[in-house]
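>>> only the shape, not the letters, is given here:
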Ligand code: 5RP
């Protein structure tokens, strides 16, 4: 699949997600290129929603530029729906997320939402999570300790850099990308990694996985539920 085809599929999943948004509610919004298509769709119906709660500075900027009010999660109460992409997703609706370094806020907003709608193109569907390196957000002083603990779990952590500088999350932390994991039991590994002191959270979304997957394929958008 080339990038034009992939973008067309991302746009199709995003369009389908609009049907999952109840009228006159506050919408939880994820982060990433697929979600950017969703934000564009949301802007087109902005008069039919109250506001958004955003999972990143990048999504906040895009929402506001399109005239959508963005409110703090603390002022919103429980959200009816959260829409976000994934780096990998299984048919059981467990995911790896965090390719865009927004995993912690994404997990918080997802946790505060009644329904998680995952939007993805067909390339994201996998039988077992782990080919995509697992992002782990760490407190900077704990980076090297957490990396040694992740090696004990069988992974090969790599400190995420861009242009020779550490990637800094919206929360002021760093990311370790863990290669070489075959994640047979996603909720167990999610919990285990989160127990390491210095880990803010990891990119396995299984304890609170998606409720609905809108998977865009060449034959149309499949709606997969648990
Ligand atoms: C950001 C994320 C994204 O949802 C994930 O990286 C997928 O992004 P894209 O839609 O660009 O493929 O978790 O932290």
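Alright, I've got the coordinates. What you see is a predicted model; the values in this text were computed from it and never measured.
>>> get me the contact residues on this structure for the ligand.
30-34, 84-87, 97-103, 106 (Cβ under 6 Å from any ligand atom). Yep, even glycine has a C-beta here, placed from its N, CA and C like the rest.
>>> one more pass at 8 Å, please.
10, 30-36, 55-56, 84-87, 97-103, 106, 119-121, 124, 135, 203 (Cβ under 8 Å from any ligand atom).
>>> for residue 90, grab the count of nearby residues.
Residue 90 has 21 neighbours, counted by other Cβ atoms under 10 Å.
>>> how about residue 224?
16.
>>> now it. Its backbone dihedrals?
Per-residue torsions, residue 224: phi -110, psi 130 (degrees, to the nearest 10).
>>> what of residue 22?
Per degrees, to the nearest 10, the backbone of residue 22 is at phi -70, psi 150.
>>> does the residue nearest to it when sequence neighbours are not counted count as helix, strand or coil?
The shortest distance from residue 22 to any non-neighbouring residue, by Cβ to Cβ, 6 or more residues apart in numbering, is to residue 80 (5.3 Å). Secondary structure, DSSP: H, G, I helix; E, B strand; the rest coil: residue 80 is strand.
>>> what of residue 148?
helix.
>>> contacting residues around it?
Residues near residue 148 by Cβ atoms under 8 Å, 6 or more residues apart in numbering: none.
>>> neighbours around the residue nearest to residue 22, how many?
By other Cβ under 10 Å, the burial measure for residue 80, its neighbour count, is 15.
>>> does it touch residue 117 like I think?
No - between residue 80 and residue 117 there is no contact under Cβ atoms under 8 Å: 10.6 Å.
>>> show me the contacts for residue 186.
90, 94, 129, 204, 206, 209 are the contacts of residue 186 under Cβ under 8 Å, 6+ apart.
>>> same check, this time on residue 30
38, 55, 59, 82, 83, 84, 85, 102, 106, 109, 110.
>>> can you flag which of these belong to helices?
Among these, the ones falling in helices (DSSP state H) are 38, 59, 106, 109, 110.
>>> grab the longest strand from the protein for me.
Assignment by DSSP state E gives strand 113-121 as the longest strand of the chain.
>>> what's next to it, contact-wise?
Contacts of strand 113-121 (Cβ under 8 Å, 6+ apart): 1, 6, 9-10, 13-14, 16-17, 20, 28, 34-35, 37-38, 78-86, 89, 93, 95, 110, 208-217.
>>> make it 7 Å
6, 9-10, 13-14, 17, 20, 28, 34, 38, 78-86, 89, 93, 95, 110, 208, 210-216 (Cβ atoms under 7 Å, 6 or more residues apart in numbering).
>>> list the buried residues in that strand.
Residues 113, 115, 116, 117, 118, 119, 120, 121 are the ones in strand 113-121 that count as buried (16 or more other Cβ atoms under 10 Å).
>>> how near is the residue nearest to the spatial centre of the chain to residue 31?
Taking Cα atoms, centre = their mean, the centroid of the chain lies closest to residue 97, which sits 4.4 Å from it. As judged by Cβ to Cβ, to the nearest Å, residue 97 and residue 31 stand 9 Å apart.
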